[in-house]
Every structure is written in C-alpha cells, then in structure tokens.
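In: Using only what follows, build the 3D model:
(chains A and B)
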Amino acid sequence: MAAEVVAIAATDLASIQASQMGMKAIGAGLAVGLTGVGTGVAEMGIGAAAVGAIAENKDFFGLGLLFTVIPETIVIFGLVVGLLLLF
Amino acid sequence: MLKPKQMSRLLIAASRDQMGPVVAELYRHHLFHIEEYVEGGAEGYEGFKIGSPLSGASEASVDLLKIRAIENAVSIHGDDINSAKTCSGSELKSRIERELPVLEQEVEELTQKRSKLDNRVKEFEQKITEITPFVSIPADLEIYRGYAGFTVFAGYVAQEVTLSVPNEMHFSKSKEKNFIVVIAPTGQRNEVERALQEAAYQSVPIPDESGAPQARIDYYAGQITALTKEIAETNAKLDAVKVQHAGFLVACEEFLRTEVEQTEAPLRFATTKQTFVAEGWVPSDKVEAVSESLVKVTGGKVFVTVLPTDIEHDAVPVEYNNPKFAQPAQMLMDIYSRPKYTEVDPTLMLAIVFPIFFGLIVGDVGYGLVFLAMYFGLRTMLKGEDGQQLLTVFRNASISSIIFGLLFNEFLGFKFSQITGWILGAGGLVNPIEHYESLMFSRHLLIGATEAGGHGPAIPALMIMAIWIGVLHISLGRVLGMYNHAKQDHGIHRTKTVVANFGWLAVMWGILIAIWSNVVMPYMPDLTGLPVVAAGFNIGTFIGGALILAGVICIAWDSVLEVIELPTIISHVLSYARLVAVGLSSVAIAMVVNYMSIGMFIGPGMADLSLVGIVMIVVGLVIFLFGHTLNIALGLLGGGLHSIRLHYVEFFTKFYKGGGIRYVPFGMKRRFTEE
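Out: This is a model prediction of the structure:
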C-alpha cells in the first residue's frame, strides 16, 4: 500500500514537473510572440514614414534606420525573458 | 586616427589670364575643396563678381550630353566596366570629333526605329483586345456598321435580355462576362437602351474592321510576331554598338566631364575685370605641395596664402583620416552621417567592433566560409567604389564569423570537432580535437538526435557576456561624449554637458554596484561580502545608491527633462542581449534543419537503401540546402543589421552628432583616361 502511494506520488511529481516545463515553454512563446507583435505594430508606422523620407532624400537613410529599429528593443526584451524562462 | 584630417584654408589670387593653368593644376592635384563664392555680403569682397566659364565650356557640355544620351540608350554604366587607362586626352579629342557624330546618328536611328516598332506592337495589341469579344459571335465584322435605320449595340451584360421591340440579337454566355450584340431600329433605341441598362450593360466599341474576327486576330498576332522579331534585331544591333564602343564611350564621358568641370570652375570663383580669387580647403600636409606647383605653372604670377581657420564658424570640409584597414568602414559612417570637423571620428572603433559583433552573432565556421565564398564571387561583379568598400567590410565580418565559429565550435549547426572527426575518420586519421567543446560559452541547443548526450547552451553565461559588452561599449560612448562636449562647447554650457554625461555613467555603474552588492551573479564581481552598514544593506548598496543619486542630480542640472530618459540605461544595456539572442536563434534554425534533414530523412534513408530510401535521402538533401540557404540569408540580415544598429542606436547616441561637410576635392579619380 505504502509502496503504491510512493509510486503514484512519483508519477504525479513527474507529470507536474513536465507540465511546469510546458507552462514555461508557453510563457516563453508568449513572451517572444507578443513582443514581436508589439514591435511589428510599432515599427509599422515608423518604417512607412522612414521609407517615404528616404525616397525624398537618400541622406535620411541612417536616421531613418535608427528610428525604425528603436522599437526592436521590445522584442529583444521578450527574447531575453523567453531564454531566461527556458534555461 | 579618431580625428578627421586637418584642413587649411587656402586663398589663391592671380590675374585672369592665369586662370586656365591654375584650374588645370588644381584639377590635377585633386585636393582643393572649393568654397563657392556667393555674391554680395562677404567682407573684403566688395566689387567682386562670379566668374564666367572658360572657353570651350558649352561645346564640351553639348558633347557630354550626346555621350550620355547614347550611354542611356544602350545602357552603359561606368561602374560596370573595368577601369583601363587606354587613351590620352588629345587622342580622345580627335576621336570625339571624328566618331561621335556618326555614332550618335547610328544610335539615334536605332532607338527611333525601336520606339516606332514598339508603338506599332501596342497598336496591334489594342486592336486584338478590341476584336476579341466579337469572336464568340459567328458574323463578319463589317455587318456591324453602315446602317441608316438601325443602331448596333455591343457590350457586356449581367444577364440575358428580352426586348419588346423587333430586333436581331446574339447573346453569348461565358464564365466571367456575358457578351451581347443587338441590332434594333434606330427609332426605338430608347427602349432598347432602357432594357439593356436594367441588365447592367457596359458598351464595347465596335472595331473598324472587316472579315471574320478570328481571322483578323490571327492576322494581327502574325504582325506582332514579325515586329517583335524586328525589335529583337534592333536590340541586337544596339548591343553590338554597346560591345564595340563601350570602352570608347566611358572614356569620352570621363574626358568630357573633366573638360566641363574645369571650364566651369570659374563659376565658383570671385573675379574682377583683371583678377580672380579662389578660396578653398586643402589637407594641411598638402598645402606646400599645392602652393609650390601653382607658383611653378604660373611662373610665379600667383598669390597663394593660408588663411587663419575659425573652427567655430568656418564650414570646414571633413575628410576621414584612418588607417587602411579601417577605411571600408567609412562607408558605414557615411550612411549615418559624416563626423563634424571638431568631433571624434568613431570609424576606427566601428571598423574593429562591427566585425566582432557580426562574428558573435553568426559565429559559425560553415556560414563564415559561405560568406567568404560570396565575397569572392561578388568582388568581380561589383565594380563601384562603394560596393567594394561594403564588400571589404563583409569580408572582415566573414573572417570574424569563422574565428568565432571556431571559438563556439560550430559548423552549420553541427559541432566543428564532430565535422573534423567525420572527415578525418573517413581518411583513417585521428581527430586531434575530438574532445574539444568550445573556448567560449557553448551555444549548442539540445535539438534532435545529432546532439545526443551534449549539455545545453550556457545561456546565463552568454547573457552576462552580452551585458558586459553593452556596459563597456556604452561607457566608452559616454566617455567620448564627455570629450566631445569638452571640446565643442563653451562656458557654463560646457561644464553642464560634461557633468551630465558623467551623470549617466555614474547612474549606470551605480545600478551595477548596487546589484552586485545584493545578488551573486556568474562572471561578475561579488560584493555581497562587504560589511553591512544599516538596515541589512551592505556598504556597496549605499555607494551604488549614492552614485545613482549624484548621477541623477548631474543629469538634472543640465536638463531636468532628461531625467525621464533614465530607463534607457537599462534598455540600452539589455539591448546588447541581441548579440546572444539573435545568434542563438540562428543556431536553433541550423540545428532544426540538420535534425529534419539528417535525423528524419537521410539517416533512415541510408539505413534502408531501397527506392524509398533514396527518395528520402533526396528529400533530406533538399531540406538541408533550402534550410541552410534561408539561415544564411537570415544570418546576413541579422548579423549585419543588428551589429550596425547597436552602433547607430546604442553607441552613437551617447556622443556622436555628425552632420559634417563632405570633403569633395576639385578633380576626379581617372579610371579610363590618361592625363
């Protein structure tokens, strides 16, 4: 009887650990995915405006690129959180 | 190094008859950045006027226009042609007089003929589209025209129409549109129109043709084929002109450009009736050579002097002054903005750090080798100077990728030591680096069967490394910011800006010290052992806190609004995590591709060499090639863009303003002509 309980507890622990791992993976996926969407939304307007400006004056390229990639930090945060969650 | 070339302001004055030789000499030197004379205002220049072009300017311009027109017509670009100094100026001059009119006429005739043919093709295509709807009606085209008492309606309708008036109708149904032809008495056209309107009628013009519609279409199609053939012949003739005369044309263009630029140079000088004055900039170390040769060509009839420079107000042109290996990176600087004359030129740092960042991100021997092969392939194709510079940057980046690939022990997602083991094993040799793991923190993920028994990537260590790189890079930026402000600003403003930059540094390091005093982290100093002072916090925490407070006060002293930017300290430092994150994602893609191709297809296929097995091997190979090509493209984009972005956004914003004037010396780098 006692041995059975221990065995059940062990399988339970294993499944709990596995589901915890799964939750972590979901969390990491959400972190990367949602921040990616956020970055995309933010870069959408800036990128369009920057391309317009570059079309008028090519010298604007450097500054345009700079502005466009500023929201990229958001997705990097997501990646960092995701990696820290997983490892 | 780290500073633009030192420039001197040169003033050249001489009598007008010396203008020709002086201009030619300056042009030859290719060193004099002309400061254009603007009429009115300038002190000491009362009564001066802008000069007029030297003789021969308009003829040369006209010829240059002709040459460019021909080059456009046959699409020749100087950048696509290998430089070859074949002809001298006088030789070209006579050839231009002799050959240019003939060549011009030939090309013009051909292009005119081609555009005429193009127009006729369009005309015939239009006719075909006009006739096409009538193909479905079994009637010749002439019956639609020439009635006195009847009106012909032709067009598309949404559904079949029934008319109350006597009529002749043909309705042809098709998938997209229904075509209808109605012939009705003109007296009752209103009723017909109304009925057709109800069926959403769209009228179609009746073609001015006779005969069966299909026959006419075939006729025009035949005509078009003949015309296209003729166009192809004309194009071939133009190509022949291109092949035969390309060298001559680019040489002519260059020669005429030198002529035009020289003859028009006086438009930028200040002149009186008898004399002219030219002001401009020359690198300080070249002043003597330029002045001496000017005196020599004019026989001493020229006055050359160096004017004092006022760094604050003069528009000093900026020329980079970098060691040879760093020069290609100047192109990356110009994309952002050329440095000001007074500020630090970070090209050298960019030239060193950019390949390192690129290598850290890509870090794969295999991909590095592919990049290097791409460099050698592209080198012969790109002939422009900018392209060559970009390629040199790319070459350095690929070499750095190979080096970091060795450090990370990576080869197309495999372990490099594994690969050498396979190759050497096939030759029966011992793999000397069999037990080599990696000199840097491992980036191998636990993906697929190819990686059995390995231990996972050292993510925390890699992250800390990225943070360290960020902290040091940003600190360097701030120090340079202090230097730039100390050099460029004045008075109280100078003190404030320097102190503010110090404040940013203090806050960053204060945060770091406070964290180190409370948390133990790998590869970072451990200050948790310091004596506790108050409230359970040790002295390190208080030092960090004091630094943060002092820093904030320093920043606020310069500008209170800047304080809301404080979180950027953390976001900018964390932004360097992309060095690890982007690199890891590329490793993950490579390993997944390897697992899919080898683990899922090639491996099982090799085990069973039947027909199915061979198909599996082929599918595996396709996945392998496609996946790695995709990853190479991503690595190039990711590695390049993220590395340059870390410079532009995180590094340059700390100290770099840019906006300097480009140094454009009067003259030209000759590629096709001799002097």
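
In: contacts and neighbour counts: CA atoms only from here.
Out: Noted.

In: Touching whichever helix or strand B:A397 is part of from outside, list them.
Out: If you go by DSSP states H and E, B:A397 is part of helix B:385-408. Contacting residues not belonging to helix B:385-408 are listed as B:327-329, B:331, B:351, B:354-356, B:358-360, B:362-369, B:371-372, B:375, B:378-379, B:382, B:411, B:416, B:438-443 [Cα atoms under 8 Å, 6 or more residues apart in numbering or on different chains].

In: Output the below-cut-off pLDDT ranges for the stretch 451-600 of chain B.
Out: B:451-456 (pLDDT under 70).

In: same question, chain A
Out: Using pLDDT under 70, the flagged stretches of chain A are A:1-2.

In: Next to chain A in this structure, residues from the stretch 401-550 of chain B, please.
Out: Proximity of the stretch 401-550 of chain B to chain A (Cα under 8 Å from any Cα of the partner chain) is limited to residues B:I459, B:P460.

In: Where do the helices of the stretch 401-550 of chain B begin and end?
Out: Assigned by DSSP state H, counting those that start in this stretch, the stretch 401-550 of chain B shows helices spanning B:416-426, B:459-488, B:491-518, B:539-558.

In: Figure out which of those helices is closest to A:L79.
Out: helix B:459-488 (11.2 Å; Cα to Cα).

In: From the contact counts, what lies against the closest one?
Out: helix A:72-86, helix B:491-518, helix B:567-575, helix B:578-594 (3 or more Cα pairs under 8 Å, 6 or more residues apart in numbering or on different chains; DSSP states H and E).

In: winner for burial among those?
Out: Here the criterion is mean neighbour count by mean count of other Cα atoms under 10 Å in any protein chain shown, and of the helices and strands packed on helix B:459-488 the winner is helix B:578-594, at a mean of 23.

In: Downstream of that helix, the next helix or strand is which one?
Out: helix B:603-607.

In: got the buried residues for the helix or strand following that following helix?
Out: Per DSSP H and E, the first helix or strand lying C-terminal to helix B:603-607 is helix B:611-645. Buried residues in helix B:611-645, counting neighbours by 16 or more other Cα atoms under 10 Å in any protein chain shown, are found at B:613-614, B:616-621, B:623-624, B:627-628, B:631-632, B:634-636, B:638-640, B:642-645.

In: any chance of the helices and strands packed on helix B:459-488 in CSV, with distance to B:F32 too?
Out: Putting the helices and strands packed on helix B:459-488 into CSV (distance: least, Cα to Cα, whole Å) gives the following:
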stretch, distance to B:F32
helix A:72-86, 44
helix B:491-518, 34
helix B:567-575, 42
helix B:578-594, 43
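
In: What residue in chain B is the furthest from its centre?
Out: Largest separation from the mean C-alpha position in chain B: B:P166, at 69.4 Å (Cα atoms, centre = their mean).

In: Determine whether the claim that that one is in a strand is correct.
Out: No - per DSSP: H, G, I helix; E, B strand; the rest coil, B:P166 lies outside any strand segment and is coil.

In: OK, contacts around it?
Out: Taking Cα under 8 Å, 6+ apart, we find B:P166 in contact with B:A184, B:P185.

In: One more pass at 10 Å, please.
Out: Contacts for B:P166 were tallied using Cα atoms under 10 Å, 6 or more residues apart in numbering or on different chains; they are B:I183, B:A184, B:P185, B:Q188, B:V192.

In: Any chance of the residues you listed in JSON lines with neighbour count, pLDDT and secondary structure as columns?
Out: JSON lines is the format used below for the contacts of B:P166 (neighbours: other Cα atoms under 10 Å in any protein chain shown; pLDDT from 0 to 100; DSSP: H, G, I helix; E, B strand; the rest coil):
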{"residue": "B:I183", "neighbour count": "19", "pLDDT": "86", "secondary structure": "strand"}
{"residue": "B:A184", "neighbour count": "21", "pLDDT": "85", "secondary structure": "strand"}
{"residue": "B:P185", "neighbour count": "17", "pLDDT": "86", "secondary structure": "strand"}
{"residue": "B:Q188", "neighbour count": "15", "pLDDT": "82", "secondary structure": "helix"}
{"residue": "B:V192", "neighbour count": "23", "pLDDT": "84", "secondary structure": "helix"}
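
In: how about the closest residue to chain B within chain A, what does it touch?
Out: Nearest to chain B, among the residues of chain A, is A:G62, at 4.0 Å (Cα to the nearest Cα). Listed by Cα under 10 Å, 6+ apart, the contact set of A:G62 reads A:A50, A:I54, A:T68, B:L332, B:M333, B:D334, B:I335, B:Y336, B:S337, B:R645, B:Y648.

In: Wasn't it part of a helix?
Out: Yes - under three-state DSSP, A:G62 falls within a helix.

In: now it: how far from B:I206?
Out: Going from A:G62 to B:I206 by Cα to Cα, to the nearest Å gives 57 Å.

In: can you check B:I492 too?
Out: 84 Å.

In: Check B:R120 too.
Out: Taken as Cα to Cα, the span from B:R120 to B:I206 is 20 Å.

In: The two: which has the busier surroundings?
Out: In this view B:R120 and B:I206 are compared by other Cα atoms under 10 Å in any protein chain shown, and B:I206 has more residues nearby, 18 against 15.

In: Now the more buried one, what are its backbone angles?
Out: Backbone torsions for B:I206, taken as degrees, to the nearest 10, come to phi -90, psi 120.
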